[in-house]
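*Asks:* The following comprises the amino acid sequence and a computationally predicted model.
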Amino acid sequence: MSTHADSKPWTVPALAQAKREGRKLVMLTAYDAGFARTFDANGTDLILIGDSLGMVVQGHDSTLPVTVADMVYHTRAVARVLERALLVADLPFGADATPERALEASLQLLQAGAEMVKIEGAGFKLDIIRHLVEREIPVCSHLGLTPQSVLRLGGFRVQGRGEAAEQLRRDAAAAVDAGAALVVLECVPSPLAAQITAEIAAPTIGIGAGPGCDGQVLVMHDFLGLDSGHRRPKFVKDFLAEGGSIAGAARAYADAVRNGSFPDADHAYAQ
Ligand code: KIV
């Protein structure tokens, strides 16, 4: 008997295989069944239930108010319809503050249908990554601009410039050493993201990190040109204008990521 897991082409080991074979990974956020189904059927390899939902769905100024219950609700809705894409869900702010909390929240997300959880930051989070991976929970590390650090950072800014570059390289290597199977690099200068991508075995997924990553992710509201109520970052491109429909936008984005035309220099930070 064929099961859902048998027929789903994107698995955690398939991500590293894609990197080894030089195949780009196409990722989008989605928060409900309708968009997720359309992205899944039109070339998206990974769907992220981002805690960005706090800003683009719930209308907050940051991701900090998002709860585990919010994440579970959206994860369930998306998981029901995916036939192809791998489903990654964010551990929201505070849910990864201790190993016990992170394990409890991750179990809820996996039981809701996620296949990997994403954790922002390095430092003590490296121990949390290891704690989860040792308990069979696949983890994606999120480095560079980590929106849950907005209060400490004082805003959403490019990270890894100057002397901070070396620390970011060390953090990426340490996250993979701790067991992360995927690394999201957000708002990082393109040369640094390309260097990290060459240095680590796990695939990197860039957002504002240039063309040298192993894959790309965009927040769906940005890629559909919706006004999020926030300043439009440089790396955002409206694929709905190009694709003509939601399905067409997903196909145009997937093609552009795979053929290397997105992101170009206009949608990246040179330094
Ligand atoms: O929450 C989110 O949507 C994310 C992406 C920006 C990578 O973390």
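*Replies:* Nice, I can see it.
*Asks:* and the closest residue in space to residue 200 that isn't next to it in sequence, how many neighbours?
*Replies:* Closest residue in space to residue 200, ignoring its immediate chain neighbours: residue 176 at 4.8 Å, by C-beta to C-beta, 6 or more residues apart in numbering. C-beta coordinates here come from the backbone N, C-alpha and C atoms, glycine included. Applying other C-beta atoms under 10 Å, we find 20 residues neighbouring residue 176.
*Asks:* you'd agree residue 176 is up against residue 203?
*Replies:* No: Residue 176 lies out of contact with residue 203 (C-beta atoms under 8 Å); the separation is 10.2 Å.
*Asks:* Show me the common contact partners of the two, please.
*Replies:* Common neighbours of residue 176 and residue 203, using C-beta atoms under 8 Å, 6 or more residues apart in numbering, are residue 183.
*Asks:* Quick one: residues contacting the residue in the stretch 51-200 of the chain positioned nearest to the ligand.
*Replies:* Of all residues in the stretch 51-200 of the chain, residue 52 sits closest to the ligand, at 3.1 Å by C-beta to the nearest ligand atom. When the contact criterion is C-beta under 8 Å, 6+ apart, the partners of residue 52 are 29, 63, 147, 219.
*Asks:* just checking, the last one touches residue 54?
*Replies:* No: the pair residue 219 and residue 54 does not pass the contact test of C-beta under 8 Å, sitting 11.5 Å apart.
*Asks:* quick one: pLDDT of the residue of the stretch 51-200 of the chain closest to the ligand?
*Replies:* Residue 52 carries a pLDDT value of 97.
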